[in-house]
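S.K.: here is my input, please return the structure:
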Amino acid sequence: MAVDEATKKQDELELYQIDDKAIVPFFQKHLEELRQFIHDHEHNNLCLLVLLKQFIRTYRMPFNMQRYMEVQRTFIQRSLHDKIQDRQQAVSHWIQEFAGRHRNRMIQLQCLYLDRVKDRLLPEIEKLLEERIDHLQEKLDEQNSEQASHDSSNP
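M.R.: I've put the predicted structure just below:
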């Protein structure tokens, strides 16, 4: 699918909306869902970057919800600048008309941004996932040890 030059320029202009400092914390916050998502899709043999993008598209969550809402408010204000007299109705109409497209656009931009920061981001995400897997394995080992201890004390 070819992307026209105007869309590419718009993408570049809007990438500033991405909160770079929120990316790793976002994945940390959703680490268990991400780990499960990767596990569920491991049969597809996709690289981590593609899996991260699919995760973002599937869950449709902004990296930084507060920033996302601020940007959305700005878009609403720009769209409604001449409709001040009936602001409540205009905002409601804007949300019905454009909020879905706005979120889709932000999700698309987040995926594009991952391409920009992948060299720095992927090792951090891989480390988070490895630490989570190690932690889960330790818990499983502890549970197995406790169960074995319990079983041996109850003949």
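S.K.: residues contacting the residue nearest to the spatial centre of the chain?
M.R.: For the chain, Ile56 is the residue whose C-alpha lies nearest the centre (C-alpha atoms, centre = their mean; 4.1 Å). The neighbours of Ile56, taking C-beta atoms under 8 Å, 6 or more residues apart in numbering as the test, are Ile107, Gln110, Cys111, Leu114. Backbone N, C-alpha and C define where each C-beta goes, glycine included.
S.K.: name the helix or strand for it, please.
M.R.: In this structure, Ile56 sits in helix 48-59 according to DSSP states H and E.
S.K.: and that helix, what's its mean pLDDT?
M.R.: For helix 48-59, mean pLDDT rounds to 93.
S.K.: pull out the buried positions in that helix.
M.R.: Applying a neighbour-count criterion of 16 or more other C-beta atoms under 10 Å, one finds Leu48, Leu51, Leu52, Lys53, Gln54, Phe55, Ile56 buried in helix 48-59.
S.K.: now name the helix or strand holding the spatially closest residue to the third one that is not a sequence neighbour.
M.R.: When the adjacent residues along the chain are set aside, Leu52 lies closest to Leu114, with 5.8 Å between them (C-beta to C-beta, 6 or more residues apart in numbering). With elements delineated by DSSP H and E, Leu114 resides in helix 87-153, which encompasses its position.
S.K.: point out the other helices and strands that that helix packs with.
M.R.: Other helices and strands packing on helix 87-153, by 3 or more C-beta pairs under 8 Å, 6 or more residues apart in numbering; DSSP states H and E, are helix 5-14, helix 23-29, helix 31-40, helix 48-59, helix 65-79.
S.K.: nearest to Leu136, of those?
M.R.: Relative to Leu136, the nearest member of these by C-beta to C-beta is helix 31-40, separated by 8.2 Å.
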